[in-house]
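Engineer: Quick one: sequence and predicted model below, then my questions.
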4 protein chains.
Amino acid sequence: MGIQERKERERDRRRQQIMIAAKRVFYSKGFAKVTMEDIAKEAELSPGTLYLYFKSKDELCASLSLRILQYLNIKLRHVSAEKELDGQQKLEGLKKAIIDVYEFDPLILINLFRLQSSEILKNLSPQLFADIKELFSSSLSAMSDIFKEGINNGVIIDKKPEALADLLWALFSGIVLWGESKKIMDNNEDYLKQALETAFEVFLLGIKGENRT
Amino acid sequence: MGIQERKERERDRRRQQIMIAAKRVFYSKGFAKVTMEDIAKEAELSPGTLYLYFKSKDELCASLSLRILQYLNIKLRHVSAEKELDGQQKLEGLKKAIIDVYEFDPLILINLFRLQSSEILKNLSPQLFADIKELFSSSLSAMSDIFKEGINNGVIIDKKPEALADLLWALFSGIVLWGESKKIMDNNEDYLKQALETAFEVFLLGIKGENRT
Amino acid sequence: MGIQERKERERDRRRQQIMIAAKRVFYSKGFAKVTMEDIAKEAELSPGTLYLYFKSKDELCASLSLRILQYLNIKLRHVSAEKELDGQQKLEGLKKAIIDVYEFDPLILINLFRLQSSEILKNLSPQLFADIKELFSSSLSAMSDIFKEGINNGVIIDKKPEALADLLWALFSGIVLWGESKKIMDNNEDYLKQALETAFEVFLLGIKGENRT
Amino acid sequence: MGIQERKERERDRRRQQIMIAAKRVFYSKGFAKVTMEDIAKEAELSPGTLYLYFKSKDELCASLSLRILQYLNIKLRHVSAEKELDGQQKLEGLKKAIIDVYEFDPLILINLFRLQSSEILKNLSPQLFADIKELFSSSLSAMSDIFKEGINNGVIIDKKPEALADLLWALFSGIVLWGESKKIMDNNEDYLKQALETAFEVFLLGIKGENRT
DNA sequence: TATGAATGAGCATTCATTCAT
DNA sequence: CATGAATGAATGCTCATTCAT
């Protein structure tokens, strides 16, 4: 391992540390109220140091989203690439992957859903913006592939697979955000798990055309 | 009409004026960057006056959401109450109502979707919070009623109608927010209309069980 | 006096107050180290209030320069317009005007000399920049007029009067700034008065051509 | 050459390198915005290293001025010591020396002029402060000597030669700084060369008393 | 009721300087 | 000597909110 590479690795480790600290603070204070100083304190660093690793507060926050997108992407690519699974099983795998991602880090996922439709996105550094876009694109395309296979097998209806992927992602984000509402408005913490199940079930029924079992 | 009532009416008129001004500013500057002074200027009022009609900036913004929720609620109740329509037609009416609401005021709707899952909601005045909750509840229940009728008629699958209502709402918000992403990330302004169509189609297929046509 | 006008006057009074406070702080802490908070405290206002009257710190500081430029301009225009004086007397008046300006407020004058050649100038609001430019232009042109008259009378050498005006201004600023050096390097507080005298004397001799007395 | 001396020489070479890098950065970014990191990068050194050679940023900047002062001093001493020249010719030499210095490095000269009247000067290390003072003193005294000779020869008026030296220096700095103004305010890049000529001409006329040619 | 000047806590960001390696 | 990551104090500026008139 070259010295260059080691440094890069060390740098990445630091970035992770900071992001982990940031997450902790977000969990304890809520996204809106967190200051860079809070994060710095939690990370046992000085505010200035944060800026050695992230261009701005927005970039730091967006980087959290990037991480979960990476996780999502890996999961989806994995399902999509699995040779052993038939169409039906892949749809199951898709569902599992998505629920996995939610369980991996709900708060950050919510943050991602908020970020994806916000002005902030536009003002990120071109690099980070491109990375996020690429991961979205790649993840959606992994989903598309799964649907495409289903369509080819006649398991699911003959829709544009890209549209189905978009739809599933929208459904996922909608359920998760609406789950937040339920927590806030109805003090209902249990909504989400069941709702995701139902959502997938209906979604799958909806796309299965004649071939439902 | 008593003098009391007249005053109350006048007061409401003012509130409307302010909200309309606020909307204009939101459309021209984007939600994030609007200040109370911007709104005051647009409404040709002083900042202080805004606080005579709204407790805080958050309350003002939330009141915008309230308005669109009222609109949604009226539309849904109307569909639900329509005696002449059969189950299938009501589902159509439901779809139309929802698209109507989107077209009525997309930006405010997005704002509502953001608000519904945000910390802000908790910190509104109990009255406003209760109003919003009530309107959500009422709207969702109107949807439920439609689904219930469908279930009773055997048109749609035997799921809890409340769950289906939640699901539809989540789907709706997810699509709209993901549409925003498409605008930002792909410069795709046309996504939404088609996507809403597809979404409903799949949703309806999904809930129709054996009785699909 | 209309209500509009009264307000404008009140506003101006405030601006003056703030500038006066700023000057006091500059005198007590030196230009470099003054913060907006210092000025606010001295003016018994809050930092935010300062920004109601000045766009930025730079604009506040530049406004101080503007004031002394206005003073200079009035003095010079006055000398230039004085019908009773002959060429020789006007040159005397010019000298007096300039020394007057120095004595009116040395520190702010130094600030002006620093500002005039600094990057800051470029980044002021177009309005303020234009005002400063205009006052410089007007002042220099008043000097030019005096020299022109002298040239026409044959009192002084046939040089471009604009060049002579520039030269005098440069000489003035140079002497004042070098006077600051003397204070700092030689603890010599008395340099300036005598130096200005000598400077003018030599300058006048230099421009008088054959007609020296 | 002792080992001690060699080290000292090596050290000096480094300091030169850094100063040259600093100048480059100043030229490309403007004085105000340059950071120590900029300079370090340009010098291909680390920020820490800069502090091995210069006590502080201010000292580094002041050292640039020192360099140009040294250059000035050499030029002036040379003119002053030249046995072959008569009074008139030395005045010419003086003019040439000064223009030379300007052309050698305009930006750094401006920096010197700014430094000479600033608070920064006071806070330099006693050594550097003394060096700068000494060079000023020596340069001014070289000028004085030239004027003294002129006075003795009756070529120029019977003024204190020190006063004339101060005057010339002030004139020089004033012209250069006012030239900066012209650039900024009038986009006039050509002012300076002609202005320096005029300035010297008038100055020489002014000091030549009866003996003008 | 309406005003709008004043508030002042709050915050992201910078950068000269240090020090452990 | 050289490094460069880390520091953290410092500061300009914002803006929701208040309150005397």
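Structural biologist: Alright, I've got the coordinates. These numbers were taken from a predicted model, which means no experiment stands behind them.
Engineer: Residues of chain A that sit close to DNA strand F?
Structural biologist: Residues of chain A found near DNA strand F, taking CB under 7 Å from any atom of the strand as the criterion, are A:7, A:14, A:44-49, A:51-52. In short, each C-beta sits where N, CA and C put it, glycine included.
Engineer: go with 10 Å
Structural biologist: In this structure, chain A approaches DNA strand F at residues A:3, A:7, A:10-11, A:13-15, A:17-18, A:36-37, A:40, A:43-53, judged by CB under 10 Å from any atom of the strand.
Engineer: so how far is B:Trp178 from the closest residue to chain B within chain A?
Structural biologist: Distances from chain A to chain B, computed as CB to the nearest CB, single out A:Gly174 as the nearest residue at 2.4 Å. Distance from A:Gly174 to B:Trp178, counting by CB to CB, to the nearest Å: 8 Å.
Engineer: Give me the more crowded residue out of the two.
Structural biologist: Counted by other CB atoms under 10 Å in any protein chain shown, A:Gly174 and B:Trp178 do not tie: A:Gly174 has more neighbours, with 28 against 24.
Engineer: Surely the more buried one touches B:Gly179?
Structural biologist: No - with contact defined as CB atoms under 8 Å, A:Gly174 does not count as touching B:Gly179 (11.5 Å).
Engineer: sorry, back to before: what sits against the residue of chain A closest to chain B?
Structural biologist: With contacts taken as CB atoms under 8 Å, 6 or more residues apart in numbering or on different chains, A:Gly174 has the following neighbours: B:169-175, B:177.
Engineer: quick one: which of those residues sit in helices?
Structural biologist: With DSSP state H as the criterion, helices contain B:169-175, B:177 from among those.
Engineer: Break chain A down into its domains, please.
Structural biologist: In terms of domains, chain A is parsed into A:1-54, A:57-211 (source: automatic domain parsing).
Engineer: so can I have TSV of the ones you listed showing distance to C:Ser137?
Structural biologist: Rendered in TSV, the data for the domains of chain A read as follows (distance: least, CB to CB, whole Å):
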stretch	distance to C:Ser137
domain A:1-54	44
domain A:57-211	41
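Engineer: Could you look over these and pick the most buried one?
Structural biologist: Relative to the other members of the domains of chain A, domain A:57-211 carries the highest mean neighbour count by mean count of other CB atoms under 10 Å in any protein chain shown, namely a mean of 19.
Engineer: all helices of chain A, in order?
Structural biologist: When secondary structure is read from DSSP H, chain A shows helices at A:3-29, A:36-42, A:47-53, A:57-81, A:87-104, A:106-116, A:126-152, A:161-186, A:191-207.
Engineer: Of those, which is nearest B:Ile132?
Structural biologist: When the helices of chain A are ranked by proximity to B:Ile132, the top entry is helix A:161-186, at 7.8 Å, counting by CB to CB.
Engineer: ok, A:Phe129 - contacts?
Structural biologist: With contact taken as CB under 8 Å, 6+ apart, A:Phe129 is in contact with A:121-122.
Engineer: Overlap of the contact sets of A:Gly174 and B:Trp178?
Structural biologist: Common neighbours of A:Gly174 and B:Trp178, using CB under 8 Å, 6+ apart, do not exist here.
Engineer: Can you tell me how far A:Gly93 is from A:Glu82?
Structural biologist: A:Gly93 sits at a distance of 7 Å from A:Glu82 (criterion: CB to CB).
Engineer: ok, now A:Ser28?
Structural biologist: As judged by CB to CB, A:Ser28 and A:Glu82 stand 38 Å apart.
Engineer: How about stretch A:154-163 and chain B, any contact?
Structural biologist: Yes - remark: stretch A:154-163 sits within contact range of chain B at A:157, A:159, A:163, by CB under 8 Å from any CB of the partner chain.
Engineer: rewinding a little: same list (the helices of chain A) but as a markdown table, adding mean pLDDT and distance to B:Gln116.
Structural biologist: Rendered in a markdown table, the data for those read as follows (pLDDT from 0 to 100; distance: least, CB to CB, whole Å):
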| stretch | mean pLDDT | distance to B:Gln116 |
| --- | --- | --- |
| helix A:3-29 | 92 | 19 |
| helix A:36-42 | 97 | 26 |
| helix A:47-53 | 97 | 31 |
| helix A:57-81 | 96 | 20 |
| helix A:87-104 | 93 | 18 |
| helix A:106-116 | 95 | 12 |
| helix A:126-152 | 95 | 23 |
| helix A:161-186 | 96 | 4 |
| helix A:191-207 | 91 | 13 |
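Engineer: What residue in chain A comes nearest to DNA strand F?
Structural biologist: Distances from chain A to DNA strand F, computed as CB to the nearest atom of the strand, single out A:Gly48 as the nearest residue at 1.6 Å.
Engineer: Now do the contacts for that residue.
Structural biologist: The contact partners of A:Gly48, by CB under 8 Å, 6+ apart, come to none.
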